[in-house]
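Q: quick one, fold the following:
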Amino acid sequence: MMTTVKQILDQKGRAFHAVRPTDSVFDALSLMAQFDIGCVLVTEGDNLVGIFTERDYARKVVLKGLVSRDVRVGDLMTHKPYTVGLSHTADQVMATMTEKRFRHIPVVENGTVLGIVTIGDMVKSIVSQQEKTIKQLESYIAGDLAAE
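A: This is a model prediction of the structure:
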């Protein structure tokens with residue numbers, strides 16, 4: 001049985017951190033540092049309008065010689081980020097992350113942000129699923145051998 005995004009969020013929690021497009025990049029980075037996270041969602045009210053990541057900072061601020069206190073998140077964020085729903089499987093999300101080179105994907109249902117999944121969450125889920133499969137196979141083999 002495939003693990004779903006819903007199951008992953010139920011286990012890890014649905015907390016996420018967000019900033020507004022008008023917040024400074026410095027404020028976004030401070031929030032990311034405070035919670036030791038690699039991205040923040042960008043929201044206007046309850047609406048997801050973007051995502052701002054460490055990669056955005058490195059490529060769009062540092063390399064361009066900008067000053068993080070002077071630049072607004074809305075100017076540098078990834079607009080309309082790719083999202084997944086609760087019914088997506090870990091394998092589907094991992095494939096998307098690999099193909100598109102994402103490390104973070106917001107989880108959205110009916111326009112409401114429900115959380116965020118990371119590449120680490122996907123690896124952990126897939127490894128856990130593989131461990132369960134191995135144990136099932138070992139039990140099956142041991143059961144077969146015991147019956148002989």
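
Q: from the chain's centroid, how far away is the longest helix along the chain?
A: Longest helix in the chain by number of residues (criterion: DSSP state H): helix 119-147. Distance, stretch centre to chain centre, for helix 119-147: 25 Å (C-alpha atoms, centre = their mean, to the nearest Å).

Q: repeat for stretch 22-35
A: That offset, for stretch 22-35, works out to 17 Å (C-alpha atoms, centre = their mean).

Q: which residues are in contact with that stretch?
A: 17, 19, 37-40, 52, 54, 57, 61, 66, 68-74, 76 (C-beta atoms under 8 Å, 6 or more residues apart in numbering). For glycine as for every other residue, the C-beta is placed from the backbone atoms N, C-alpha and C.

Q: in helices only, show me those residues.
A: The helices, defined by DSSP H, take in 54, 57, 73-74, 76 from those.

Q: who wins on neighbours among those residues?
A: Greatest neighbour count in the ones in helices among the contacts of stretch 22-35, by other C-beta atoms under 10 Å, goes to Val73: 26 neighbours.

Q: got a list of what that one touches?
A: Val73 sits in contact with 19-25, 27-28, 40, 42, 50, 52, where contact means C-beta under 8 Å, 6+ apart.

Q: low-confidence regions, the protein specifically.
A: Within the chain, the stretches with pLDDT under 70 are 1, 144-148.

Q: circling back to that earlier point, closest one of the ones in helices among the contacts of stretch 22-35 to Gln136?
A: Glu54 (38.2 Å; C-beta to C-beta).

Q: and the nearest residue to the closest one once chain neighbours are set aside, how far from Thr112?
A: Nearest residue to Glu54, sequence neighbours excluded (C-beta to C-beta, 6 or more residues apart in numbering): Gly38, at 5.0 Å. From Gly38 across to Thr112, the span is 23 Å (C-beta to C-beta, to the nearest Å).

Q: more neighbours: which of the two?
A: Per other C-beta under 10 Å, whichever of Gly38 and Thr112 has more neighbours is Gly38, with 15 against 10.

Q: for that one, list the residues it contacts.
A: Contact partners of Gly38, counting by C-beta under 8 Å, 6+ apart, are 32, 53-54, 103-104, 118.
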